[in-house]
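Asker: got a sequence here, can you model it:
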Amino acid sequence: DGFMALAPPACPPAACCETANSKAPRTPSPDRYSSLPAGYGQGSATITGVLLLMVAQEFNRAADIRVKENAAMRALFGEAGAGVGGELGQRLLAAAGAKDTDVNVATLDRANGELKALLIELHAQAETTGARELQARILAFLRDAASARQVFLPAM
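Answerer: Below you'll find the model as predicted:
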């Protein structure tokens, strides 16, 4: 039928698996796919492997990242809310008092999106009023959040 059955080769630790860095899980290197025809087949298998690695990293830490981000934003809102005042200040303080009781990733993601929308409003207000310290704290949160979501790719 034109298709060749491929059994996955054994993967001795030193021979074909390598770690990109201490935070990355062990992954097969491209030479593991050498039994595939050169070109599209090998490229597709390699890309699929890299995508699965990225999915696995996100899956493993998704809830933890969102819980930590939500807590950090709520702490920031609690500290900034009293100084902001008005309707925005009330919403900041209300958000600061909320808790993540459901650690389902979809639920955490929804809360995370709502908190980030509120963070954008707070940042716009801080820029309008020239609150440099608050702006710096918001940017530090964003930097740390981006760093926590970094994906580590295998060395190829």
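
Asker: give the other helices and strands that the helix or strand that contains R61 contacts.
Answerer: Using DSSP states H and E, R61 sits in helix 40-84. Where contact means 3 or more CB pairs under 8 Å, 6 or more residues apart in numbering; DSSP states H and E, helix 40-84 is packed against strand 27-28, helix 86-97, helix 105-129, helix 132-148. Any C-beta I mention is one placed from the backbone N, CA and C, and that applies to glycine too.

Asker: quick one: closest of these to M54.
Answerer: Closest approach to M54 among those (CB to CB): strand 27-28, 10.4 Å.

Asker: low-scoring stretches of the protein, by residue?
Answerer: Scanning the chain for pLDDT under 70 picks out the ranges 1-37, 156.

Asker: next, the angle from the helix holding R61 to helix 105-129.
Answerer: Angle, helix 40-84 to helix 105-129, by axes from the mean of the first three to the mean of the last three CA atoms, to 10 degrees: 50 degrees.

Asker: before we move on, back to that, closest to A72 out of the helices and strands packed on helix 40-84?
Answerer: Of all the helices and strands packed on helix 40-84, helix 132-148 sits nearest to A72, with 5.7 Å by CB to CB.

Asker: ok, L88 to D100 distance?
Answerer: 22 Å (CB to CB, to the nearest Å).

Asker: what of R74?
Answerer: 9 Å.

Asker: which one's more surrounded, those two?
Answerer: R74 (21 against 16; other CB atoms under 10 Å).

Asker: L115 is in contact with that one, correct?
Answerer: Yes - taking CB atoms under 8 Å as the contact criterion, R74 and L115 are neighbours in contact, 7.1 Å apart.

Asker: for these two, list the residues in contact with both.
Answerer: Residues touching both R74 and L115 by CB atoms under 8 Å, 6 or more residues apart in numbering: A95.

Asker: the closest residue to L92 other than its chain neighbours and A94, how far apart?
Answerer: The shortest distance from L92 to any non-neighbouring residue, by CB to CB, 6 or more residues apart in numbering, is to G81 (3.5 Å). From G81 over to A94 the distance is 8 Å, taken as CB to CB.

Asker: more neighbours, those two?
Answerer: G81 (21 against 12).

Asker: which residues does that one contact?
Answerer: If you count contacts by CB under 8 Å, 6+ apart, then G81 has 89-90, 92-93, 96 around it.
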